[in-house]
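J.: sharing a model that was predicted from the sequence below.
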Number of protein chains: 2
Amino acid sequence: MTKFQGNTKDGTEPLPAPPPLARERIPVQKSSVCSRSYFMVVMVFFHVYILNVIALLLYVHYNNASNAVGSDLDFTSRTNNHKIAEQLNTEPPSDTRFTRNVYLPRIEGIRVGHVQKVSLAPGKMHEMRTLSLKPLLFEIPDFLSEEECAVVVRLAQLKGLTESQVMVPEGQEELSQQLNLSPEEIFHLLDLNQDGQLQPQEILTHSRVRDGIWLTPENLREIYDGLKVDQDNNGVLSMEEFGQLNSDSFQRYLLQHGVKKSHLVRNSKHTWLYQGQGAHQVLRELRNRVTRLTRLPPSLVELSEPLQVVHYEQGGHYHAHHDSGPVYSDTVCTHTRVAANTSSPFQTSCRYITVLFYLNSVEEGGETTFPVADNRTFEEVSLIQNNVDLLDTRKHCDKGNLRVKPTKGTAVLWYNYLSDGKGWVGEQDEYSLHGGCIVTRGTKWIANNWINVDPDYQRQARYQQLVLQQQESQERQPDMNADEHTGNHQEL
Amino acid sequence: MTKFQGNTKDGTEPLPAPPPLARERIPVQKSSVCSRSYFMVVMVFFHVYILNVIALLLYVHYNNASNAVGSDLDFTSRTNNHKIAEQLNTEPPSDTRFTRNVYLPRIEGIRVGHVQKVSLAPGKMHEMRTLSLKPLLFEIPDFLSEEECAVVVRLAQLKGLTESQVMVPEGQEELSQQLNLSPEEIFHLLDLNQDGQLQPQEILTHSRVRDGIWLTPENLREIYDGLKVDQDNNGVLSMEEFGQLNSDSFQRYLLQHGVKKSHLVRNSKHTWLYQGQGAHQVLRELRNRVTRLTRLPPSLVELSEPLQVVHYEQGGHYHAHHDSGPVYSDTVCTHTRVAANTSSPFQTSCRYITVLFYLNSVEEGGETTFPVADNRTFEEVSLIQNNVDLLDTRKHCDKGNLRVKPTKGTAVLWYNYLSDGKGWVGEQDEYSLHGGCIVTRGTKWIANNWINVDPDYQRQARYQQLVLQQQESQERQPDMNADEHTGNHQEL
């Protein structure tokens, strides 16, 4: 540069500037650069490339989004979707069909005894052992620390526990009356094996579900005798004999003769602990760990029931039951009933997964029993035979297939529903039948986390959208709805 | 335009051309367009965008590739990887560690009786029914048409079938001698329940595997008496009694007294049909359908054993067995043994999946039995008790858990190995025990396709790379190796 300046000072003509590097590589004639048509071509290319880049970015974005689990609008954390949700507010939710692009992963059981490592909290690994495949059941020792167990028990005590089951529910409207069923129709519904007679186990199965009273075959014999129902004394009821009974005959008989706590389906106290925003850190952390354990979208876990803490005193029990019923076409799930288009008398809690925590080590008894785990077949009727009632956790816990000993801090997880084979929740898993064996010494503290998922994908999606919209509108008017919002959760 | 032309003809100055549309939208000053620096800026942007586009294209490409099943170098169709394979030729294969990015999908069983639709050929849907979960077992009716069944049988007959098992293999080197085991060590290996005595079932289990002779408990009693082994006549052998036997005592006794075909583990004839390039269209199509059914990478299926066609005459059988053995740390798979770093006396065929085709409907008998399917537990010793040997398909087929009736064109598929929980092949599934019941009337034609996968991912990857390299070098010298190449396949 100094050389050129010197030359100019001497008054001589400046040397032509050396061609710029760019021109050495790509020779461009000056005239063509200035021509309008060349400029147009460059600009067109320029815009085409920008459009390409944008298109590719969008493609990559949506491609990844559809691959990722739980990235669907309805299943991502709501904080990321304020704008989309507001747009959707304008549409009535019942008209929307949601594209099913969420895949709910299930933990692989592999085989009974298989152990896999899981990361539930940063920097700590847990071991998860497969206990059975039917139901898909796992045990995770040290899921909770001693301190965490103590905190949960203390919080439950502070909140106060209530009886899990009142003695005999009186004055409740009979479902059969609601449905307008004739005695003949009820008879045929109860007659599971369709042999035209009601065996004791067919009566027992029904009575337990309807009245919450746990009749044993001996109790039933007593009632038959007391009411003089079984006139031919053959132990089974014919249509004629059944027709003479009123729908509440059993209840009235039992009330007259007195029902003890130990005659009930369950004998325990429980309470519910809210785990959402603002809850105790241990409860929040517990929910996070459950989310990581189940590998489900966080919003699904967050919209599920609060933590249930249960206390069994000595002599307490919970006879074998399913946490969630079968879902037929006209059944609605309790948690999504607001999003159901129809009103149906059949309702079940749609608890896809149960995570049960042992908050203390029971001195004796109190095991969780899975009487038919990994059985080759499941037949409801064969659960009660030869005077052995596998459902009875006061008498026959030792005869079931699998028992889990309550150990402080251990969690067990099982699926109450099968997969539908397409990444969503399918049929009820009948093998998930379980109960709490009688506590023979000491007391027993447990907690339950249920993950609620509607087997009807559309209903679940509509429900989650409704919740989103509600939360949105509450955020716009924070003062007006604050109490109601909290109240909703506490009541669950 | 005509107006402007008219004006020019009149000799008047032409009107200034209307500004181009582009300039209306994006006003650009002519001077700045012509400046070199502006041009440079445009060109830099231009190139940056092109690089962006290329980078994004590459990202999308490799992103998709790593998500897709079986897109790993070793598992894609070899035709797409000529160049990569040639690059890899320079490295010695044993030094390479393959990153495990292949996920082998497993078909979901859901529950026994579950039916799912599968698309195996364009424009046709098949129904696949879950028969059991342990093993994971499916039935697909009409997998083959009547004509296809006939073609496969005809091709097998043309090739010629040989006895599946010769009477008694003589002069074979004893594995125990090879391993230098003392009688004490053998005794402890055979003593499955470690009670210090050899029960008949412990002897039987061993003898069947070693000699291929199917001894019944009665045969064994006879041999004990003939050889005067069980001196205290208590039915079990002590260490002392066992020590008096030579390792080939049983064999020699049986040879002296004559062995019939029905005393063998299997009584059938079979042959192998090559399914690779150039094979009969029906055989090629069969392999394609198996690939679609199993959802495994095509190269895995293509590198598996040829089709085995088996013919059972009346009275034919195959006692219950596993198609593939357990894989311990020192076991090598037959198909990948060339890629194994160590030589091991333990070899098994590593048949991940069995697909069995019924080529005719058997008049009576000949069912495929799965004696312990969906049992709650599997104990080898309890298979033979109370004089019922569940493994015996000549006598006790009716006592097993599950039997599949041979129906022309139907395929059954099951997994002989569990998942390892990480997307690869894990442990052997003991429940995959199965056999062919005795054909009581008519004859039976079946075919087997086995998908060979090494539970050791590294060995499988090395093996596939070796095959690739071999095929590459053969393609370079096509004339020299053509015969050898074909020969390899035919011999499998």
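T.: Great, that's in hand.
J.: in the stretch 151-300 of chain A, which residue sits closest to chain B?
T.: Distances between the stretch 151-300 of chain A and chain B by CB to the nearest CB are smallest at A:Arg295, namely 13.0 Å. Yep, even glycine has a C-beta here, placed from its N, CA and C like the rest.
J.: isn't that residue up against A:Pro105?
T.: Yes: contact criterion CB atoms under 8 Å: A:Arg295 and A:Pro105 qualify, at 4.7 Å.
J.: give me the neighbour count for the residue of the stretch 151-300 of chain A closest to chain B.
T.: The criterion is other CB atoms under 10 Å in any protein chain shown. On that basis, A:Arg295 has 13 neighbouring residues.
J.: repeat for A:Phe39
T.: A total of 21 residues lie near A:Phe39 under the criterion other CB under 10 Å.
J.: what helix or strand is it located in?
T.: Assigned by DSSP states H and E, A:Phe39 belongs to helix A:36-67.
J.: got any ranges where chain A has weak pLDDT?
T.: Filtered on pLDDT under 70, chain A yields the residue ranges A:1-35, A:53, A:59-96, A:167-179, A:209-211, A:247-248, A:478-492.
J.: quickly list the domain ranges of it.
T.: A:30-67, A:115-165+A:266-464, A:177-262 (automatic domain parsing).
J.: among those, which is the most enclosed?
T.: Among the domains of chain A, the stretch with the highest mean neighbour count (mean count of other CB atoms under 10 Å in any protein chain shown) is domain A:115-165+A:266-464, at a mean of 19.
J.: tell me how far A:Gln477 lies from A:Val338.
T.: 20 Å (CB to CB, to the nearest Å).
J.: brain fart, A:Gln314
T.: Counting by CB to CB, the gap from A:Gln314 to A:Val338 is 41 Å.
J.: kindly report the same for A:Arg459.
T.: 10 Å.
J.: what of A:Glu163?
T.: For A:Glu163 relative to A:Val338 (CB to CB), the value is 28 Å.
J.: confirm that A:Val158 sits in a helix.
T.: Just so we're on the same page, residue A:158 is Leu rather than Val. Yes: note on A:Leu158: a helix contains this position according to DSSP: H, G, I helix; E, B strand; the rest coil.
J.: before we move on, back to that, got a markdown table for the domains of chain A, with distance to B:Phe370 too?
T.: Converted to a markdown table, those look like this (distance: least, CB to CB, whole Å):
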| stretch | distance to B:Phe370 |
| --- | --- |
| domain A:30-67 | 37 |
| domain A:115-165+A:266-464 | 11 |
| domain A:177-262 | 28 |
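J.: which among those domains is found nearest to B:Phe242?
T.: The closest of these to B:Phe242 is domain A:115-165+A:266-464. By CB to CB, the value is 36.4 Å.
J.: just the terminal-to-terminal distance for the closest one.
T.: 35 Å (CA to CA, to the nearest Å).
J.: okay but A:Glu127 is in contact with A:Lys117, surely?
T.: Yes: using CB under 8 Å, A:Glu127 and A:Lys117 qualify as a contacting pair, with a distance of 6.2 Å.
J.: just to check, A:Leu192 is in contact with A:Leu383?
T.: No: using CB under 8 Å, A:Leu192 is not in contact with A:Leu383; the gap is 11.2 Å.
J.: the strands in the stretch 151-300 of chain A, which residues?
T.: Under the criterion DSSP state E, counting those that start in this stretch, strands of the stretch 151-300 of chain A are mapped to A:162-163, A:266-267, A:269-273.
J.: neighbouring contacts of the first one?
T.: Defining contact as CB atoms under 8 Å, 6 or more residues apart in numbering or on different chains, one finds that strand A:162-163 is touched by A:269-271.
J.: specify which member of these is nearest to B:Tyr328.
T.: Closest approach to B:Tyr328 among the contacts of strand A:162-163 (CB to CB): A:His270, at 49.1 Å.
J.: partners of the residue nearest to that closest one when sequence neighbours are not counted in the sheet?
T.: Closest residue in space to A:His270, ignoring its immediate chain neighbours: A:Val310 at 4.4 Å, by CB to CB, 6 or more residues apart in numbering or on different chains. Counting by DSSP bridges, A:Val310 is bridged to A:His270, A:Ile446.
J.: next up, the contacts around A:Val310.
T.: A:164, A:268-270, A:445-448.
J.: kindly recompute the last result at 7 Å.
T.: A:Val310 sits next to A:164, A:268, A:270, A:446, A:448 when contact means CB atoms under 7 Å, 6 or more residues apart in numbering or on different chains.
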